[in-house]
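**Q** structure for this input, please:
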Amino acid sequence: MRGRMQRSRRVLGPRRCRLTFWSQQRAPPYDFAFQPVGLRRGDENSLIGDGPPQGARRRARSSLRATRAASGADLSQPNVGELSLKLRAEARVSFDAFLRDSYTGLDFATLLRWDEPDDVAKKLVAYGQYLYDEGRTVAELRHAIIVVSREKRSWRPALDRAWEAVRKWEVLEPSIPHTPCPVLVFRAMIAVAASWRWDGGVVALILMFTGNMRPGEALSVTSSAVVLPSRWRRIVVVALWRHKSVTRGRARGAHHVVFDEGLLVDVLAAHAQRLADDALVVGLKPHAFRRKFDAILAELGLESLGLTPASLRAGGETERHLQREPIADISWLLRHADIATTRHYIQSAAAMLALARVPAVAASAVEAHARGARRALRHLCVASPPSVVVVKRTRARSAPAVGRVAVSGPSL
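**A** Predicted structure coming up:
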């Protein structure tokens, strides 16, 4: 019996070591993290599945009431962004003015008291024709239909006639998509921004092109939402709490973006470590970032391309498509709800057209800057924080000048 036990120890011993996470090291004292089975932490008399003690439940409910009272949330209001609410209010006023001018004794409030929603849909179609003839946008008609459907939710199925007018308009005047930013231009922009020590601009370019973020999402990321790399895993995870789904009637939650390329991980980590927890990672308002974006394009001589900050997200996914990544993977990275949206979004032909339109006098400068992008990023990882640079909109190229540099702290 004793011999069999010793042989079993020799057999099981090495297997047990191979399954140990801390190989050839003494395991840390993690016993404090595991509570006794069947007990809830902090309450030895309460089994798992039972509620907390009555006093703790009352205190938690009282704290929750105070928090909700301070927030002043109104559940009757729709989960819609401020911009959408503003556009819908403007559409309501415009539709009301159209009804007053076109029909005697008819306004928006009277229209809502009608019994036949099909007649309401005809009035919306007439309003759409008026907008079309006046040279206005299809978005105004969309918002007017949404306003009516919000006021009378039972009318939604009967408003299909109005939505048919929207679809007809879109066929007559297809929307112009964003011109994707070619990867060569992205690298050149990175090099220019890094050479001017616009660290916040460099991070914004990376978040939008490589991280597939929308401009508003990238500019709203805080330092506390960035998970820095550790000794076990060389990645950066960015949580997005202010994303597009928040204002689309869906539950509030976080999306995430993962960066795993070594150099980009080092740049993002070095920049985020300099910031406070509540500081914005990019540190730029939308108009300030747009000024810097335009200044970089002007420096490269690429104003004629018609690129915008939204072109970075489109360009990053077009490049993934050109590298033959599966559409399903690209759709996941874009955080699209429908893969059909991804197919419409990717425009490899437009990216090649944008690259072909690079002026000949600027092609050599773009290529030279693109070749130095990696060297410029490596310099950012070890350089000291830059001084504040204020960029003003001028007619000439808005490159940073010595006269506009103030040494009053690190730039974001």
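**Q** V238 in helix, strand or coil?
**A** Judged by DSSP: H, G, I helix; E, B strand; the rest coil, the three-state class of V238 is strand.
**Q** tally up the residues packed near it, please.
**A** By other Cβ atoms under 10 Å, 23 other residues sit near V238. C-beta here means a position set from N, CA and C on the backbone, and glycine is covered the same way.
**Q** again with Y345
**A** 19.
**Q** now it: how far from Q323?
**A** Look at Y345 and Q323: by Cβ to Cβ, to the nearest Å, they are 16 Å apart.
**Q** equivalent analysis for L131, please.
**A** The spacing between L131 and Q323, counted by Cβ to Cβ, is 42 Å.
**Q** next one: L307
**A** Counting by Cβ to Cβ, the gap from L307 to Q323 is 21 Å.
**Q** who has more neighbours out of these two?
**A** Neighbours per residue, other Cβ under 10 Å: of L307 and Q323, the larger number sits with L307, 25 against 8.
**Q** three-state assignment of the closest residue to the more buried one other than its chain neighbours?
**A** Nearest non-adjacent residue to L307, counting by Cβ to Cβ, 6 or more residues apart in numbering: C181, 5.5 Å away. C181 falls in the coil class when you classify it by three-state DSSP.
**Q** tally of neighbours for C181?
**A** Counted with other Cβ under 10 Å, C181 comes out at 30.
**Q** which residues touch it?
**A** 189, 209, 307, 311-312, 314-316, 351, 354 (Cβ atoms under 8 Å, 6 or more residues apart in numbering).
**Q** next, it: phi, psi?
**A** Per-residue torsions, C181: phi -80, psi 120 (degrees, to the nearest 10).
**Q** can you pull out the strands in the chain?
**A** Remark: strands assigned in the chain by DSSP state E are 39-40, 43-47, 226-227, 236-240, 255-259, 388-389, 405-406.
**Q** packing partners of the third one?
**A** When contacts are defined as 3 or more Cβ pairs under 8 Å, 6 or more residues apart in numbering; DSSP states H and E, strand 226-227 packs onto strand 236-240.
**Q** now the strand it packs on: buried residues?
**A** Buried positions in strand 236-240, judged by neighbour count with 16 or more other Cβ atoms under 10 Å: 236, 238-240.
**Q** that strand pairs with which strands?
**A** Strand 236-240 has the following sheet partners, assigned by DSSP bridges: strand 226-227 (antiparallel), strand 255-259 (antiparallel).
**Q** which residues does that strand contact?
**A** Under Cβ under 8 Å, 6+ apart, the answer for strand 236-240 is 207, 211, 213, 217, 221, 225-229, 254-259, 264-265, 268-269, 272.
**Q** please apply the same query to stretch 369-386.
**A** For stretch 369-386, contacts defined as Cβ under 8 Å, 6+ apart pick out 184-185, 187-192, 194-195, 197-199, 202, 263-264, 266-267, 270-271, 274, 300, 409-411.
**Q** okay, the strands paired with strand 236-240 in CSV with mean pLDDT, mean neighbour count and distance to P286 next?
**A** Output for these, formatted as CSV (pLDDT from 0 to 100; neighbours: other Cβ atoms under 10 Å; distance: least, Cβ to Cβ, whole Å):
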stretch, mean pLDDT, mean neighbour count, distance to P286
strand 226-227, 89, 18, 20
strand 255-259, 87, 16, 19
